[in-house]
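K.L.:
Model the following, please.
(one chain, ligands or ions: 2)
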Amino acid sequence: MTRANPAPVPGRARVIDLNLDSFPDIVLTLDFYDTTNKSHFTKTTIIMNESNDEDNFGSLDRKYTRLSKDSDSPLAEIIKQAGDTGSFVAGIDIDEDGAMDIVL
Ligand SMILES: [Ca+2]
Ligand SMILES: [Ca+2]
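P.N.:
Ligands and ions are numbered 1, 2, ... in the order given. So this is what the prediction gives:
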């Protein structure tokens, strides 16, 4: 049996400090099934773990905000690049320059 599409991904969650603020952010990759076209596709979502008290540096009061793909944040590029076929997101310093790189 051959598949026209890649194997479906039921859903993956990665905990990565994307903006390197020492607080873990969450990247979700979820699988969906299009019954009309009978094909799977994925959506990638980023949940940012942000300060809820900007006036007090170091405050542990946090809030979770979904990052829009239309955001001005450079991290929105992850969502755009993942498109509807992304199945894996990882953060690793591939070139060992001290800055995290993203693997899709
Ligand atoms: Ca973070
Ligand atoms: Ca790097």
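
K.L.:
Now do the residue lying closest to Asp84 once chain neighbours are set aside against Leu30, distance only.
P.N.:
With CB to CB, 6 or more residues apart in numbering as the criterion, Asp84 has its nearest non-adjacent residue at 4.0 Å, and that residue is Phe41. (C-beta placed from N, C-alpha, C; glycine too.) From Phe41 over to Leu30 the distance is 10 Å, taken as CB to CB, to the nearest Å.

K.L.:
next structured bit after the helix or strand harbouring Val27?
P.N.:
According to DSSP states H and E, Val27 maps onto strand 25-34. Toward the C-terminus, strand 25-34 is succeeded by strand 39-51 as the next helix or strand (DSSP H and E).

K.L.:
for the residue most central in space within the chain, which residues make a bridge with it?
P.N.:
The centre of the chain sits closest to Val27, judged by CA atoms, centre = their mean, with a distance of 3.2 Å. Note on Val27: beta-bridge partners Arg14, Ile46, judged by DSSP bridges.

K.L.:
wait, doesn't it sit right on Met48?
P.N.:
No - the pair Val27 / Met48 is not scored as a contact, 10.2 Å apart, by CB atoms under 8 Å.
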